[in-house]
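*Asks:* for reference, the sequence and a predicted model appear below.
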Amino acid sequence: MTSKNEALLSFVQWVSLTDFSLPFEHEARFNRRLRSTGGRFFPQDLHLDFNEKMYDAFSEDVFRQIVQHELVHYHLYRAGQGYRHGDPAFKNLLAQVGGLRFAPALPDVARISYQCVSCGKIYQRRRQLNLKKYRCGVCRGALQYLKERSD
């Protein structure tokens, strides 16, 4: 287990004891394959996966709310109550601890802008386009490179 995963595990255990007054007794780790979700709970073996990009992009308070969300799944499942998003027990416990219902959107790293020469429509893309191959979807006009934005 890497030191970053060990730090995550100790943080999850601390949040569990502080906010739920219950111990977290399983594994918590980062999963680089997660893209838009903050974390995942696995009922098969009761481990938690977290999005490392969320950890890097947001403050500790926001990440704590993501951890609280996953711990609500964990503790309700262990108690034999409704642990799914639509269950009233899940909604109530999540509101009590103040966890996030939905993961916040990650900020875009870079956007490339293109504009149609004919109609002026602007296209935002993450990847560079081959301007000889692609045309405007509205009027079929040629596209031109505008700028690249990085946040």
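*Replies:* Alright, I've got the coordinates.

*Asks:* I'd like to know which elements the helix or strand harbouring residue 6 is packed against.
*Replies:* For residue 6, the host element (DSSP states H and E) is helix 3-15. Judged by 3 or more Cβ pairs under 8 Å, 6 or more residues apart in numbering; DSSP states H and E, helix 3-15 is in contact with strand 28-30, helix 60-79. The C-beta positions use only the backbone N, C-alpha and C, and glycine is treated the same way.

*Asks:* sheet partners, orientation included, of the shortest one?
*Replies:* So the one you mean is strand 28-30. strand 47-50 (parallel) (DSSP bridges).

*Asks:* restricting to C-alpha, output the strand it pairs with in PDB.
*Replies:* Output of strand 47-50 as PDB, limited to C-alpha atoms (Å, rounded to 0.1, in the frame of the first residue of the first chain):
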ATOM      1  CA  HIS A  47     -14.000  -1.600   0.600                       C
ATOM      2  CA  LEU A  48     -14.100   2.000  -0.700                       C
ATOM      3  CA  ASP A  49     -12.500   3.500  -3.800                       C
ATOM      4  CA  PHE A  50     -12.000   7.300  -4.100                       C
END
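
*Asks:* thinking again about what came up before, would you turn the helices and strands packed on helix 3-15 into JSON lines with mean pLDDT?
*Replies:* Converted to JSON lines, the helices and strands packed on helix 3-15 look like this (pLDDT from 0 to 100):
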{"stretch": "strand 28-30", "mean pLDDT": "96"}
{"stretch": "helix 60-79", "mean pLDDT": "96"}
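
*Asks:* what comes up buried for the helix holding residue 6?
*Replies:* For helix 3-15, a neighbour-count test (16 or more other Cβ atoms under 10 Å) marks 8, 9, 11, 12, 13, 15 as buried.

*Asks:* what does it contact?
*Replies:* With Cβ atoms under 8 Å, 6 or more residues apart in numbering as the test, helix 3-15 has contacts from 1, 23-24, 27-30, 48, 50, 52, 55, 64, 67-68, 71.
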